[in-house]
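Enquirer: sequence plus the predicted model coming up.
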Amino acid sequence: MPGVSIKIVGYARGFFDSPSYSFILSEGMTIRGLFLELSGHAGPDFDRAIYDIKTDRMNEHIAVFVNSKEIRALKGLDTRLHDGDVVTILPPMAGG
């Protein structure tokens with residue numbers, strides 16, 4: 001089935017009903033549009049933890065990858081998605 005797959009890793013899973021989703025792409029869909037779709041599946045803290053729809057800002061500590069590239073190295077929220085892409089939402093890692 002054409003579309004995009006979303007994987008939610010680590011503590012970010014707690015903000016969603018499921019650890020993964022699949023969406024059919026609409027023409028020209030971007031990460032921003034995907035976040036709008038995901039917000040309907042997310043809990044009430046989505047805007048604080050991942051992406052605030054009202055301010056159009058992504059949490060700076062969350063890493064979002066399209067396939068193997070972090071979106072900050074691409075076009076950020078304006079990164080266009082294509083059939084078969086895998087989007088991974090990854091919370092920050094801490095170590096010592």
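Expert: Cool, got the structure.

Enquirer: ranges for the helices of this protein?
Expert: Using DSSP state H, the helices of the chain run over residues 31-39, 46-49.

Enquirer: from the chain's centroid, how far away is the last one?
Expert: On the basis of C-alpha atoms, centre = their mean, to the nearest Å, helix 46-49 is displaced by 12 Å from the centre of the chain it belongs to.

Enquirer: now it: average pLDDT?
Expert: For helix 46-49, mean pLDDT is 84.

Enquirer: so what touches that helix?
Expert: Residues from elsewhere that reach helix 46-49 (C-beta atoms under 8 Å, 6 or more residues apart in numbering): 12, 15-16, 38-39, 53-54, 59, 62. The way it works is simple: take the backbone N, C-alpha and C, and place the C-beta from them, glycine included.

Enquirer: give me whichever of the helices of the chain is most buried.
Expert: helix 31-39 (a mean of 18; mean count of other C-beta atoms under 10 Å).

Enquirer: so what touches stretch 7-21?
Expert: Residues from elsewhere that reach stretch 7-21 (C-beta under 8 Å, 6+ apart): 5-6, 38, 41-43, 45-46, 49-50, 62, 86-91, 93.

Enquirer: do that again at 6 Å, thanks
Expert: With contacts defined as C-beta atoms under 6 Å, 6 or more residues apart in numbering, stretch 7-21 is touched by 6, 41-43, 45-46, 49, 88-91.

Enquirer: next, format these as TSV and append distance to S22.
Expert: Output for the contacts of stretch 7-21, formatted as TSV (distance: C-beta to C-beta, whole Å):
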residue	distance to S22
I6	7
H41	11
A42	16
G43	20
D45	23
F46	19
A49	22
T88	14
I89	14
L90	18
P91	21
